[in-house]
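>>> Kindly generate the corresponding structure for this input.
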Amino acid sequence: MSFSELIAPFLGRLVLAWYFLSEAWFSLSGWHDMLATMDEKRIPVAGLVLVLALAVMVLGGLALLFGFHTRHGAMLLFAFTLAAAIMMQDFWHIDDPAAHQAAYELFARDIAIAGALLFIVGIGPGRFAVDNRGKKKQGH
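Numbering: from 1, shown residues only. Here you go, the predicted structure:
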């Protein structure tokens, strides 16, 4: 196994974990602004949805960070990211060209992140993960 095959899954998990954990922190620290945005997007019971979103981002982010139940965490974050992209980045309802473009770019970013999460679901956490405790090394 090459160095890049060994380290890339670990670094990819760390980057995604950083993204979701930092987004959770920003959403929590900007609670009222986030609720206002969610109300503007007509998301029902925004407070409850925000609490659930924070729980998913934190639990999924920690799963990626430590490589513990990695595939479950990635699948949870995939579903969350897809739902959030559709609900929050509804560029198809925006008439102003500049605002439409900005919302589309955020939507595309979210879909790309969802794709990265599906890679983790498919390939697993990589070598450096709690999920691998007790597994025998596969040597060459």
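
>>> how about the helices of this protein, start to end?
With helices called from DSSP state H, the chain shows them at 3-29, 31-40, 46-66, 70-88, 97-123.

>>> Of those, which is nearest residue 135?
helix 70-88 (13.2 Å; C-beta to C-beta). All C-beta atoms are positioned from the backbone trio N, CA, C, and that covers glycine.

>>> chain center to that closest one, what's the gap?
6 Å (C-alpha atoms, centre = their mean, to the nearest Å).

>>> Now do that helix: which elements does it pack against?
Packed against helix 70-88 by the contact rule (3 or more C-beta pairs under 8 Å, 6 or more residues apart in numbering; DSSP states H and E) you find helix 3-29, helix 46-66, helix 97-123.

>>> which of those sits most buried?
helix 46-66 (a mean of 18; mean count of other C-beta atoms under 10 Å).

>>> If you compare the directions of that helix and helix 31-40, what angle comes out?
Between helix 46-66 and helix 31-40, the angle comes out at 120 degrees (axes from the mean of the first three to the mean of the last three C-alpha atoms, to 10 degrees).

>>> what does helix 46-66 rub up against?
13-14, 16-21, 23-24, 27-28, 31, 34-35, 38-39, 43, 68-70, 72-74, 76-77, 80, 84, 120, 129-130 (C-beta atoms under 8 Å, 6 or more residues apart in numbering).
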